[in-house]
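Q: Fold the following and give me the result.
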Amino acid sequence: MPWQEPFPGIRMKVLYQDNAAKETMMLFETSPGTIIPEHVHGGVGWAFVLEGTMEDDEGVVAGGNFVYRPAGSRHSVRTPNGAKYLGLFHGSA
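A: Below you'll find the predicted structure:
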């Protein structure tokens, strides 16, 4: 599976996708200091952090921890130490 680089500092790989069910699972890797711009979750999103940390205005999610984002949630993500995480998205167009 090839890596995609939507912008500098982040790589992602689609592990599973079902367009009919509107489900996608991806592996993400971010470099230290990466900021993922503000975005709105069109559907439900879950992330399990494997390494590093993900931070937003709601707090810090460190390696070994899990976070849930409801449909319609809006945030920007910072990864000051870099991060590797799995993201599962359901209900996004």
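Q: The residue sitting furthest away from the middle of the chain in helix, strand or coil?
A: Outermost residue of the chain with respect to the C-alpha centroid, by C-alpha atoms, centre = their mean, is residue 20; its distance is 21.1 Å. Secondary structure, DSSP: H, G, I helix; E, B strand; the rest coil: residue 20 is coil.
Q: any idea how far the residue nearest to residue 91 when sequence neighbours are not counted lies from residue 14?
A: Of all residues beyond its chain neighbours, the one nearest residue 91 is residue 43 (2.6 Å), with distances taken as C-beta to C-beta, 6 or more residues apart in numbering. All C-beta spots, glycine's among them, are computed from the backbone N, C-alpha and C. As for residue 43, its distance to residue 14 is 16 Å (criterion: C-beta to C-beta, to the nearest Å).
Q: Show me what the host helix or strand of residue 61 is packed up against.
A: Per DSSP states H and E, residue 61 falls inside strand 59-62. Under the contact criterion of 3 or more C-beta pairs under 8 Å, 6 or more residues apart in numbering; DSSP states H and E, strand 59-62 touches strand 44-56.
Q: Report the contact partners of the residue nearest to residue 91.
A: Contacts were defined as C-beta atoms under 8 Å, 6 or more residues apart in numbering; by that measure residue 43 touches 22, 71, 89, 90, 91, 92, 93.
Q: With residue 24 instead?
A: For residue 24, the contact set (C-beta under 8 Å, 6+ apart) comprises 14, 16, 17, 18, 88, 89, 92.
Q: Put the buried members of these into a PyMOL selection.
A: The PyMOL command for the buried members of these (criterion: 16 or more other C-beta atoms under 10 Å) is given here:
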select buried, resi 88+89
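Q: List of residues touching stretch 65-80?
A: 30-49, 52-58, 61, 91.
Q: Buried ones in it, by neighbour count?
A: Buried residues in stretch 65-80, counting neighbours by 16+ other C-beta under 10 Å, are found at 67, 69, 77, 78, 79.
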